[in-house]
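> okay, here's the prediction I keep looking at, along with the sequence it came from:
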Amino acid sequence: MNETLPNPPWRECVATLAPETVERKAEEFFAKGGFHCAESMLLAFGETLGVPVDLRYVRGFGGGLGQSRCLCGAVNGASVFLGLLLAEDRGSHQARGGGREHRDHAQVDRAIQKLEALFKERYRANCCKWLTRKIAWGTPSHLEHCVSLTGETAKMLLRVLQEEAKTGAAEAASSAPRGS
(Lines give C-alpha, C1' and ligand atoms only; values in the text may rest on other atoms or scores of the structure.)
Protein backbone atom coordinates (compact mmCIF):
# COMPACT_ATOMS: atom_id res chain seq x y z
CA MET A 1 0.00 0.00 0.00
CA ASN A 2 1.35 3.38 -0.96
CA GLU A 3 -0.47 6.08 0.97
CA THR A 4 0.57 9.67 1.26
CA LEU A 5 0.90 10.56 4.90
CA PRO A 6 -1.32 13.50 5.83
CA ASN A 7 0.55 16.76 6.38
CA PRO A 8 3.94 15.39 7.44
CA PRO A 9 5.39 17.46 10.30
CA TRP A 10 8.76 17.93 8.56
CA ARG A 11 7.09 20.12 5.93
CA GLU A 12 5.97 22.63 8.56
CA CYS A 13 9.32 22.55 10.30
CA VAL A 14 11.45 23.25 7.21
CA ALA A 15 9.22 26.12 6.14
CA THR A 16 10.43 28.28 9.04
CA LEU A 17 13.86 26.76 9.58
CA ALA A 18 16.75 29.18 9.15
CA PRO A 19 19.63 28.01 6.94
CA GLU A 20 22.10 29.13 9.62
CA THR A 21 20.55 26.67 12.08
CA VAL A 22 21.27 23.58 9.99
CA GLU A 23 24.61 24.99 8.89
CA ARG A 24 25.70 25.45 12.51
CA LYS A 25 24.45 22.02 13.60
CA ALA A 26 26.18 20.20 10.75
CA GLU A 27 29.42 22.10 11.35
CA GLU A 28 29.32 21.42 15.09
CA PHE A 29 28.75 17.68 14.66
CA PHE A 30 31.73 17.58 12.29
CA ALA A 31 34.14 19.95 14.04
CA LYS A 32 33.39 19.14 17.67
CA GLY A 33 31.37 15.95 17.70
CA GLY A 34 33.86 13.64 16.07
CA PHE A 35 31.56 12.76 13.17
CA HIS A 36 32.53 12.93 9.50
CA CYS A 37 30.70 14.94 6.85
CA ALA A 38 28.01 12.39 5.90
CA GLU A 39 27.27 11.52 9.53
CA SER A 40 27.08 15.21 10.40
CA MET A 41 24.49 15.83 7.68
CA LEU A 42 22.29 12.97 8.86
CA LEU A 43 22.60 13.95 12.51
CA ALA A 44 21.95 17.65 11.94
CA PHE A 45 18.78 17.08 9.95
CA GLY A 46 17.60 14.11 11.96
CA GLU A 47 17.87 16.09 15.19
CA THR A 48 16.39 19.26 13.73
CA LEU A 49 13.40 17.56 12.10
CA GLY A 50 12.88 14.84 14.69
CA VAL A 51 13.60 12.05 12.22
CA PRO A 52 15.34 8.98 13.65
CA VAL A 53 18.56 8.21 11.80
CA ASP A 54 20.99 5.32 11.86
CA LEU A 55 24.58 6.34 11.16
CA ARG A 56 25.50 2.84 10.01
CA TYR A 57 24.03 3.70 6.61
CA VAL A 58 26.60 6.44 6.04
CA ARG A 59 29.64 5.18 7.99
CA GLY A 60 31.60 4.49 4.82
CA PHE A 61 30.85 7.81 3.12
CA GLY A 62 33.38 10.03 4.92
CA GLY A 63 36.36 11.05 2.84
CA GLY A 64 34.39 10.29 -0.29
CA LEU A 65 33.12 6.71 -0.31
CA GLY A 66 35.39 4.79 2.00
CA GLN A 67 38.20 7.34 1.99
CA SER A 68 38.51 6.99 -1.81
CA ARG A 69 38.14 10.77 -2.03
CA CYS A 70 35.46 10.34 -4.62
CA LEU A 71 31.87 11.61 -4.14
CA CYS A 72 31.79 14.12 -1.29
CA GLY A 73 30.40 12.63 1.93
CA ALA A 74 28.32 15.73 2.67
CA VAL A 75 26.50 15.21 -0.64
CA ASN A 76 26.16 11.49 0.09
CA GLY A 77 24.76 12.13 3.57
CA ALA A 78 22.32 14.72 2.24
CA SER A 79 21.18 12.31 -0.48
CA VAL A 80 20.59 9.54 2.05
CA PHE A 81 18.51 11.93 4.14
CA LEU A 82 16.44 12.96 1.11
CA GLY A 83 15.71 9.31 0.39
CA LEU A 84 14.88 8.62 4.01
CA LEU A 85 12.57 11.58 4.37
CA LEU A 86 10.86 11.65 0.99
CA ALA A 87 10.38 7.90 0.61
CA GLU A 88 9.05 7.74 4.18
CA ASP A 89 6.71 10.57 3.29
CA ARG A 90 5.19 8.40 0.60
CA GLY A 91 5.17 5.30 2.80
CA SER A 92 6.60 3.25 -0.04
CA HIS A 93 8.84 0.23 -0.09
CA GLN A 94 8.29 -0.63 -3.76
CA ALA A 95 11.01 -1.92 -6.03
CA ARG A 96 12.02 0.16 -9.03
CA GLY A 97 13.90 -2.52 -10.97
CA GLY A 98 13.12 -3.52 -14.51
CA GLY A 99 12.68 0.05 -15.69
CA ARG A 100 9.54 0.72 -13.66
CA GLU A 101 9.13 4.29 -12.44
CA HIS A 102 7.37 4.94 -9.19
CA ARG A 103 6.35 8.42 -8.14
CA ASP A 104 8.25 8.48 -4.85
CA HIS A 105 11.44 7.18 -6.48
CA ALA A 106 11.17 9.91 -9.09
CA GLN A 107 10.61 12.50 -6.35
CA VAL A 108 13.74 11.37 -4.48
CA ASP A 109 15.74 11.34 -7.71
CA ARG A 110 14.61 14.87 -8.61
CA ALA A 111 15.41 16.16 -5.12
CA ILE A 112 18.90 14.65 -5.25
CA GLN A 113 19.41 16.14 -8.71
CA LYS A 114 18.43 19.57 -7.35
CA LEU A 115 20.92 19.17 -4.50
CA GLU A 116 23.63 18.05 -6.91
CA ALA A 117 22.99 21.03 -9.19
CA LEU A 118 23.22 23.47 -6.26
CA PHE A 119 26.43 21.83 -5.07
CA LYS A 120 28.06 21.90 -8.51
CA GLU A 121 26.91 25.47 -9.07
CA ARG A 122 28.76 26.44 -5.91
CA TYR A 123 31.82 24.14 -6.08
CA ARG A 124 31.96 23.08 -9.78
CA ALA A 125 32.51 19.43 -8.80
CA ASN A 126 31.46 16.90 -6.18
CA CYS A 127 34.65 14.85 -5.86
CA CYS A 128 36.69 15.16 -2.66
CA LYS A 129 39.94 14.95 -4.64
CA TRP A 130 38.96 18.03 -6.61
CA LEU A 131 37.34 19.88 -3.71
CA THR A 132 40.48 19.48 -1.57
CA ARG A 133 43.09 19.59 -4.34
CA LYS A 134 44.89 22.60 -2.84
CA ILE A 135 44.79 21.35 0.77
CA ALA A 136 46.95 18.70 2.43
CA TRP A 137 44.64 15.82 3.46
CA GLY A 138 44.28 15.36 7.21
CA THR A 139 45.56 18.81 8.20
CA PRO A 140 43.69 21.41 10.27
CA SER A 141 43.12 23.34 7.00
CA HIS A 142 41.51 20.26 5.50
CA LEU A 143 39.20 19.87 8.48
CA GLU A 144 38.28 23.56 8.42
CA HIS A 145 37.55 23.42 4.69
CA CYS A 146 35.38 20.31 4.94
CA VAL A 147 33.51 21.57 8.01
CA SER A 148 32.60 24.73 6.07
CA LEU A 149 31.66 22.72 2.98
CA THR A 150 29.42 20.49 5.13
CA GLY A 151 27.68 23.54 6.58
CA GLU A 152 27.11 24.96 3.10
CA THR A 153 25.74 21.61 1.92
CA ALA A 154 23.33 21.60 4.88
CA LYS A 155 21.96 24.93 3.68
CA MET A 156 21.56 23.49 0.18
CA LEU A 157 19.74 20.46 1.57
CA LEU A 158 17.40 22.73 3.51
CA ARG A 159 16.67 24.71 0.34
CA VAL A 160 15.78 21.49 -1.51
CA LEU A 161 13.58 20.34 1.38
CA GLN A 162 11.81 23.71 1.45
CA GLU A 163 11.11 23.40 -2.28
CA GLU A 164 9.86 19.83 -1.80
CA ALA A 165 7.59 20.96 1.03
CA LYS A 166 6.05 23.65 -1.19
CA THR A 167 5.64 21.20 -4.06
CA GLY A 168 4.03 18.65 -1.76
CA ALA A 169 1.65 21.22 -0.32
CA ALA A 170 0.68 22.38 -3.82
CA GLU A 171 0.11 18.79 -4.97
CA ALA A 172 -2.01 18.05 -1.91
CA ALA A 173 -4.10 21.16 -2.47
CA SER A 174 -4.66 20.37 -6.14
CA SER A 175 -5.68 16.77 -5.43
CA ALA A 176 -7.99 17.59 -2.51
CA PRO A 177 -11.67 16.92 -3.17
CA ARG A 178 -13.63 20.08 -3.85
CA GLY A 179 -17.14 20.73 -2.62
CA SER A 180 -19.92 20.99 -5.18
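Yep, that arrived.
> only C-alpha atoms for contact and neighbour calcs from this point on.
Noted.
> how close does residue 141 sit to residue 164?
35 Å (Cα to Cα, to the nearest Å).
> who has more neighbours, these two?
Regarding residue 141 and residue 164, a neighbour count based on other Cα atoms under 10 Å identifies residue 164 as having more, with 20 against 13.
> quick one: pLDDT of the nearest residue to the more buried one once chain neighbours are set aside?
Closest residue in space to residue 164, ignoring its immediate chain neighbours: residue 111 at 7.4 Å, by Cα to Cα, 6 or more residues apart in numbering. Here the pLDDT value assigned to residue 111 is 96.
> over to residue 180?
47.
> output the longest helix belonging to this protein.
Counting by DSSP state H, the longest helix found in the chain is helix 140-175.
> who are the contact partners of residue 64?
70-73, 127-128 (Cα atoms under 8 Å, 6 or more residues apart in numbering).
> which of these lies closest to residue 121?
residue 127 (13.5 Å; Cα to Cα).
> distance check, that closest one against residue 35.
Between residue 127 and residue 35 the distance is 19 Å, computed by Cα to Cα.
> not counting its own residues, what contacts stretch 68-79?
36-42, 58, 61-65, 112, 115-116, 119, 126-129, 149-150, 153-154, 157.
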